[in-house]
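sequence isn't available, so here's the structure alone:
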Ligand code: AMP
């Protein structure tokens, strides 16, 4: 795979796939950027190009327009909420140079040297499974430039037009951020003796294949988060109102018998009085005081929301002995203080093992690390980091490797 240093960008038009999928917050007249980490992270590549290229075209997705429409929002509402226009002021401020905005791909190319395109996912070609549809968008994007740069590690596990199809049409390279992220994760692909993976989060469907693969490579795989209840269900326990993916129970049962898989021995449960509210937005008045129970002791009306203190001790001991530690996903509903102790304790235990090589990935783990101020290197990509560690490659990286 070529990197920015290997290609000639002098006086060229360069199209850069960045990851400006930043969190937004409501502001006067719309939304503004709530956290600019990802924009700042792209600056090494952008600054390098500012010194050399004749034109820089930045493209990114923002949020999940298709999912919002599925949830019942109109296309107009979604376009209003997820337009890159919300990001433009922050991008302009950080780049410290006027940035033009291209509302549709049919518009005339703005005259500013640096241009930001509208949300890629507003075009059906970006995420399409139909290669012809993706190619159609890719042709338009490639038509704007001479060279393609991918600096969006967090999206490299997606076979999207801007990730896999544009580099079929233009000579391309990895940006500095992408290069750095891949290097940082290399040691975790075949981690060797003394390795521990800690996986949490809610969506077992996203992580089951990774758990399977990591079990074959890591000495121990410790599990937390909402996905553990599918395992408990597989073991025949009552799990009350805890998260469950019924389709995965069979596979969970198979994995649970692997002696390298470690499950919690106690969990924090609570009775949720307001089931219509989003879990992360519950107020104290919406749930009963948390209590700790064993996996066999979950009562029918209760929901499991964090790992318990004996589990924290077990996991911390294993983490303290580890030589390599890979962490992805929170141990509980960490957005609420009452259920954040497991995630915090695991963060602390990882940070305390000063001799280990370690990395954490995923927006939620990174947020928890930033909140706790733990000294743990982070990867910006959640799904991408886990898939790279699992498979040793990603569609976006492969596309650059195959680049003509
Ligand atoms: P994921 O996107 O799959 O990595 O899941 C991250 C989300 O899982 C976070 O918003 C957590 O609050 C949530 N989560 C973690 N543990 C639980 C749990 N026991 N029940 C429900 N949600 C959880």
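That came in fine, so what should we check first? Just so we're clear, the structure is a prediction, and the values are computed from it rather than from any experiment.

ok, for the residue of the chain found nearest the ligand, nearest residue in space, not its chain neighbours?
The chain approaches the ligand most closely through residue 201 (2.5 Å), counting by CB to the nearest ligand atom. Every residue, glycine included, has its C-beta placed from N, CA and C. By the measure of CB to CB, 6 or more residues apart in numbering, the closest residue to residue 201 outside its immediate chain neighbours is residue 329, 3.1 Å from it.

dihedrals phi and psi, the one you found?
phi 100, psi 140 (degrees, to the nearest 10).

start the count at 23 instead of 1 going forward.
That works, and once the first residue is 23, the last one we named lands at residue 351.

state the mean pLDDT of stretch 223-236.
Mean pLDDT, stretch 223-236: 92.

for that stretch, list every residue counted as buried.
Residues of stretch 223-236 classed as buried: 223-224, 226, 229-230, 232-236 (neighbour count, 16 or more other CB atoms under 10 Å).

picking that back up, contacts only, for the residue nearest to residue 223.
221-223, 229, 246-247, 384, 386-387, 404 (CB atoms under 8 Å, 6 or more residues apart in numbering).

likewise for residue 408?
Counting by CB under 8 Å, 6+ apart, residue 408 makes contact with 221, 229, 232, 350, 383-384.

run the last query once more with 6 Å
232, 350 (CB atoms under 6 Å, 6 or more residues apart in numbering).

cool, the one 3 residues further on as well?
With contacts taken as CB under 6 Å, 6+ apart, residue 411 has the following neighbours: 210-211.

one more: residue 346?
Shown in contact with residue 346 (CB under 6 Å, 6+ apart): 213, 217, 379.

spatially nearest residue to the last one, not counting backbone neighbours?
Translated: residue 379. Residue 379 sits nearest to residue 346 (CB to CB, 6+ apart), 5.0 Å away.

same deal with residue 63?
residue 199 (5.4 Å).

and what of residue 355?
Counting by CB to CB, 6+ apart, the residue nearest residue 355 is residue 361, at 4.1 Å.

show me the contacts of residue 351 that map onto helices.
229, 386-387, 404 (DSSP state H).

if we check the ligand, which of these are in contact?
residue 386 (CB under 6 Å from any ligand atom).

quick one: the ones in helices among the contacts of residue 351 as CSV, columns for distance to residue 267 too.
Output for those, formatted as CSV (distance: CB to CB, whole Å):
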residue, distance to residue 267
229, 11
386, 18
387, 21
404, 18
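
from the ones in helices among the contacts of residue 351, which single one is nearest residue 204?
Closest approach between those and residue 204, by CB to CB: residue 404, at 15.4 Å.

surely the closest one and residue 383 touch.
Yes - in this structure, residue 404 is within contact of residue 383 by CB atoms under 6 Å, at 5.5 Å.

more neighbours: these two, which one.
residue 383 (29 against 21; other CB atoms under 10 Å).

pretty sure that one sits against residue 350.
Yes - counting by CB under 6 Å, residue 383 touches residue 350, with 4.9 Å between them.

is stretch 171-183 anywhere near the ligand?
No - applying CB under 6 Å from any ligand atom, one finds stretch 171-183 separated from the ligand by no less than 13.1 Å.

next, residue 33: phi, psi?
phi 60, psi 20.

correct me if wrong: it contacts residue 76.
Yes - in this structure, residue 33 is within contact of residue 76 by CB under 6 Å, at 4.7 Å.

give me the contact list for stretch 203-221.
Here stretch 203-221 makes contact (CB under 6 Å, 6+ apart) with 175, 229, 236, 240-245, 340, 344-351, 379, 401, 407, 410-411, 414.
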